[in-house]
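Asker: Pasting the sequence and the predicted model now:
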Amino acid sequence: MYISYPPKFSVSDLVKWFKGRSSRKLQEEFPQLGKTYWGKHFWAIGYAAFSSGHVTDEMIQEYLTHHDQHPHHHDDDFTVE
């Protein structure tokens, strides 16, 4: 996810908000998920966030454009239950 946010928010607070909100919305739309994810813990604990100096929109777009061409890209094996 590529986002820009005000410095008054911490990365951990943003991740907590995104994970909580998206979990709630998904479970509202798909009630059967509540049976699969006991305790309503939809997302795994943890996250990774990276910032490396001056990253431009063009650099991000270039990465996204060519990401699926990487030799270690294995989305073909990804299944959704």
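Answerer: Yep, that arrived.

Asker: where does the protein dip in pLDDT?
Answerer: 38-40, 48, 50-53, 67-81 (pLDDT under 70).

Asker: hmm, try it at 50
Answerer: Across the chain, residues meeting the criterion (pLDDT under 50) sit at 78, 80.

Asker: all helices in it, in order from the N-terminus.
Answerer: 11-29, 33-36, 57-66 (DSSP state H).

Asker: so which of those helices comes closest to Tyr2?
Answerer: helix 57-66 (5.3 Å; Cβ to Cβ). Just so you know, the C-beta spots here come from the backbone N, C-alpha and C atoms, and that holds for glycine as well.

Asker: any idea which residue of the protein is furthest from its center?
Answerer: Lys35 (22.3 Å; Cα atoms, centre = their mean).

Asker: shouldn't Tyr47 be in contact with Lys16?
Answerer: No - using Cβ atoms under 8 Å, Tyr47 makes no contact with Lys16, being 9.0 Å away.

Asker: still on that earlier bit, so can I have a markdown table of the helices of the chain showing distance to Ile3?
Answerer: Formatted as a markdown table, the helices of the chain follow (distance: least, Cβ to Cβ, whole Å):
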| stretch | distance to Ile3 |
| --- | --- |
| helix 11-29 | 7 |
| helix 33-36 | 25 |
| helix 57-66 | 11 |
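
Asker: right, and these - which one's nearest Trp43?
Answerer: Using Cβ to Cβ, these put helix 11-29 closest to Trp43, at 4.6 Å.

Asker: buried stuff in the closest one?
Answerer: Residues of helix 11-29 classed as buried by neighbour count (16 or more other Cβ atoms under 10 Å): 15, 19, 23, 27.
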